[in-house]
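In: Give me the fold of what follows.
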Amino acid sequence: MVVTNNQGLFFFSSKQGPSEEEFHFREGRNFCLERGRRKRREEEGQSWEERLQENWENCLELNLSYQNLGDPYQRENFFRILRRLIRVEILQLIDNSLTDLSSVRLPRCKMLNLHRNQLVCLRQLPKLPAVEHLCLSENAISSLRGLGALGSSPLRSLNLTRNPVTFSRDYRAQWVG
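Out: You can find the predicted model right below:
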């Protein structure tokens with residue numbers, strides 16, 4: 001049997017779906033289950049409108065990598081979400097063409113991955129009072145100025161691979177010293 005998916009791609013399937021009668025039976029059963037769940041949630045005080053609301057404040061681990069932030073609206077919405085991440089502990093922001101995150105505060109973030117963005121200095125980082133692991137590889141960081149802002153953080157690892165600062169003489173001594 002040849003089937004097409006929603007992208008117009010063809011693939012072969014040797015399985016057949018349920019009969020028309022079986023399909024309608026299952027559909028009705030699922031509808032009853034959904035009605036039961038909806039009723040239970042509404043009894044718990046949570047309406048369907050509330051469940052549709054974003055709940056970024058309670059997110060603990062999030063991957064927002066590879067976002068296409070070319071449009072100003074997308075960029076604005078992206079930063080609105082970042083500012084709401086008050087409990088996130090692990091955050092991946094890989095390859096987003098980010099240039100300045102200084103307006104963002106991530107109070108509980110322990111691991112932040114900013115690999116392959118467009119940061120040019122450490123002052124463009126978000127406020128990170130709890131960060132332990134920070135990946136800044138493949139950015140455009142040319143100096144360690146602003147490193148003092150991370151001084152009170154329990155930072156254990158800092159990855160600066162493939163940044164211009166790594167070609168500076170004794171840049172690691174500046175980090176340790």
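In: got the contact list for Ile90?
Out: Contact analysis of Ile90 by C-beta atoms under 8 Å, 6 or more residues apart in numbering lists Leu60, Glu61, Leu62, Cys109, Lys110, Met111. For every residue, glycine as well, the C-beta is placed using N, CA and C.
In: let's see it at 7 Å
Out: Neighbour list for Ile90: Glu61, Lys110, Met111 [criterion: C-beta atoms under 7 Å, 6 or more residues apart in numbering].
In: Can you say which of those residues are buried?
Out: The neighbour-count test (16 or more other C-beta atoms under 10 Å) applied to those identifies Lys110, Met111 as buried.
In: Turn the contacts of Ile90 into CSV, columns for pLDDT.
Out: Formatted as CSV, those follow (pLDDT from 0 to 100):
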residue, pLDDT
Glu61, 97
Lys110, 98
Met111, 98
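In: correct me, but Asn117 touches Asn139?
Out: Yes: with contact defined as C-beta atoms under 7 Å, Asn117 reaches Asn139; the gap is 5.5 Å.
In: So which of the two has more stuff around it?
Out: Ranked by neighbour count (other C-beta atoms under 10 Å), Asn117 and Asn139 place Asn139 first, with 25 against 20.
In: how close does that one get to Asn58?
Out: Distance, Asn139 to Asn58, by C-beta to C-beta, to the nearest Å: 30 Å.
In: go on, Ser153?
Out: 23 Å.
In: picking that back up, now, which of the contacts of Ile90 lie within strands?
Out: Within the contacts of Ile90, residues falling in strands by DSSP state E are Glu61, Met111.
In: now, which of the contacts of Ile90 sits nearest Cys121?
Out: Closest approach to Cys121 among the contacts of Ile90 (C-beta to C-beta): Met111, at 21.2 Å.
In: Please list all residues in contact with the closest one.
Out: Per C-beta under 7 Å, 6+ apart, neighbours of Met111: Ile90, Glu132, His133.
In: Mind checking which of the residues you listed land in helices?
Out: Assignment to helices by DSSP state H places none of these there.
In: Name the spans of this structure whose pLDDT lies under the cut-off.
Out: Applying pLDDT under 70 to the chain flags residues 1-52, 173-177.
In: Let me see the ranges of the strands in it.
Out: Along the chain, counting by DSSP E, strands occupy 2-4, 10-12, 61-63, 90-92, 111-113, 133-135, 157-159.
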